[in-house]
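With the sequence up front, the predicted model follows.
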Amino acid sequence: MPGPINQQGIMKYPACLLLTILVIFPGLSSQLAAADPGTDEKALAIIGQIKKNVGNNQLVRDLAKLGPEALATIRSGIKKGPGPVSATLVKARNLIISTRVAGVLQRGIKSQLSFDGQYNELAENRTENIEALFFLLNDESSPYAIRHGSCRALADIGDKSLLPRLRQLYWDILLDPDLRNELGIILAIFGDTTAIDNKLTRYSRFTDHQRSLVRRSANIELSNLYYRIRNYARAIEAYEKILEISEKLLKTQRQARVPQEVLREGEQQLNLHYYNAACSNSLGGNLERAKKYLLKAVQGNPEHYGNIGKDGDLINLRKDPGFPAFMKKLGRLFEDEEI
């Protein structure tokens with residue numbers, strides 16, 4: 001769709017560490033593009049110092065500065081067994097990997113799109129990337145957008161095995177409320193709906209309210225929640241009700257000759273509902289219905305046309321053999337206009 005933690009012991013790394021890597025050394029990956037034959041020796045030397053001074057954050061930073069070329073040596077040290085030295089090496093590894101992971105998150109943020117599977121590329125090297133995502137999420141020095149993106153990425157590449165760690169973060173009394181909401185969504189995706197059950201119950205109470213605007217608002221909230229937890233069938237049900245109410249309301253407003261600015265606002269909202277309904281239908285495999293709503297969305301607002309080719313929620317539709325013909329049909333609507 002188009003866009004837009006810490007008890008003691010959970011904050012595993014000092015906040016300044018990530019800033020040191022991302023801010024002081026922003027070109028870390030490119031800086032190390034050329035092989036340095038002395039990297040292994042330097043890494044081994046620093047690891048030797050770490051063994052004598054476990055937990056020294058300056059040594060962790062020094063090791064992380066060596067970048068990706070030091071990972072093999074660091075991983076070898078980690079494999080030697082659990083203990084203080086191994087734990088310290090894990091910090092250095094997470095710092096290095098989090099630099100690349102943060103870059104992936106930044107690309108997603110800059111796209112101004114938000115869709116399920118947006119960060120699937122992080123499934124490669126999944127185990128270490130998950131640790132890096134938890135590191136970024138825990139690090140209060142990370143920009144909020146990166147911490148928020150880390151939640152979404154964990155939803156994309158994680159699974160039920162992460163539930164204990166996610167629950168621990170969720171119940172941290174010091175956690176930012178918005179991040180808690182995101183974690184509640186991830187918990188629900190992985191099967192623990194405790195965090196959203198009350199919301200679903202509360203909004204469901206108003207879906208039969210006598211006032212149409214209240215019914216629509218309740219269904220908008222439900223559609224958003226069901227979409228976020230990837231229950232597309234229920235999201236589609238909510239969108240059908242939203243569209244029915246919105247279409248009737250707009251018809252009534254036109255008959256009542258309400259001011260044009262009020263009509264335009266209602267039309268834009270309806271077009272967005274059409275587009276979002278198309279996304280949920282595409283995700284749910286209802287491709288013909290997705291086409292139907294996309295056609296209405298684009299007819300009402302040509303700007304939606306530009307999102308169809310890049311919105312990840314519509315990937316199922318783009319894989320459909322009939323997609324090129326559908327796009328050609330949409331294009332004919334605007335043969336004399338710029339989209």
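Good, I have the coordinates.

mind giving me the domain ranges of the chain?
Per automatic domain parsing, the structural domains of the chain span 16-156, 196-332.

buried stuff in stretch 176-187?
Within stretch 176-187, the residues that count as buried by 16 or more other C-beta atoms under 10 Å are 179-187. In short, each C-beta sits where N, CA and C put it, glycine included.

should've said stretch 314-323
For stretch 314-323, using 16+ other C-beta under 10 Å, the buried residues are 314, 316-318, 320, 323.

for stretch 67-79, same thing?
By 16+ other C-beta under 10 Å, the buried positions in stretch 67-79 come out as 67-71, 73-74, 77-78.

Dump these into JSON lines; add distance to residue 60 as well.
JSON lines is the format used below for these (distance: C-beta to C-beta, whole Å):
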{"residue": "67", "distance to residue 60": "14"}
{"residue": "68", "distance to residue 60": "16"}
{"residue": "69", "distance to residue 60": "17"}
{"residue": "70", "distance to residue 60": "12"}
{"residue": "71", "distance to residue 60": "14"}
{"residue": "73", "distance to residue 60": "14"}
{"residue": "74", "distance to residue 60": "11"}
{"residue": "77", "distance to residue 60": "12"}
{"residue": "78", "distance to residue 60": "13"}
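
Those in helices, which ones?
Within the buried residues of stretch 67-79, residues falling in helices by DSSP state H are 71, 73-74, 77-78.

need the longest helix for the protein.
Max-length helix for the chain by DSSP H is helix 84-110.

and it, what other elements does it pack with?
helix 16-19, helix 28-31, helix 39-52, helix 57-65, helix 71-78, helix 126-138, helix 144-157 (3 or more C-beta pairs under 8 Å, 6 or more residues apart in numbering; DSSP states H and E).

how far is it from where the chain is centred?
On the basis of C-alpha atoms, centre = their mean, to the nearest Å, helix 84-110 sits 17 Å off its chain's mean C-alpha point.

Repeat that for stretch 117-124.
10 Å.

got a list of what residue 119 touches?
Contacts for residue 119 were tallied using C-beta atoms under 8 Å, 6 or more residues apart in numbering; they are 104-105, 108, 149, 152-153, 156-157.

returning to what we had before: pLDDT of the longest helix of the chain, averaged?
For helix 84-110, mean pLDDT is 93.

got it, and stretch 178-193?
Average pLDDT, stretch 178-193: 96.

go on, stretch 153-171?
Throughout stretch 153-171, pLDDT has a mean value of 96.

Flag the shaky bits of this structure, pLDDT-wise.
Applying pLDDT under 70 to the chain flags the ranges 1-37, 335-339.

If we use 90, what do you get?
1-40, 52-57, 80-83, 111-116, 140-142, 257-258, 306-307, 310, 331-339 (pLDDT under 90).

Neighbours of residue 93, how many?
Neighbours of residue 93 under the rule other C-beta atoms under 10 Å: 23.

hang on, isn't it packed against residue 77?
No - with contact defined as C-beta atoms under 8 Å, residue 93 does not reach residue 77; the gap is 9.3 Å.

just to revisit the earlier point, for residue 310, state which of the contacts of residue 119 is nearest.
Taking C-beta to C-beta as the measure, residue 108 is the one of these closest to residue 310, at 12.0 Å.
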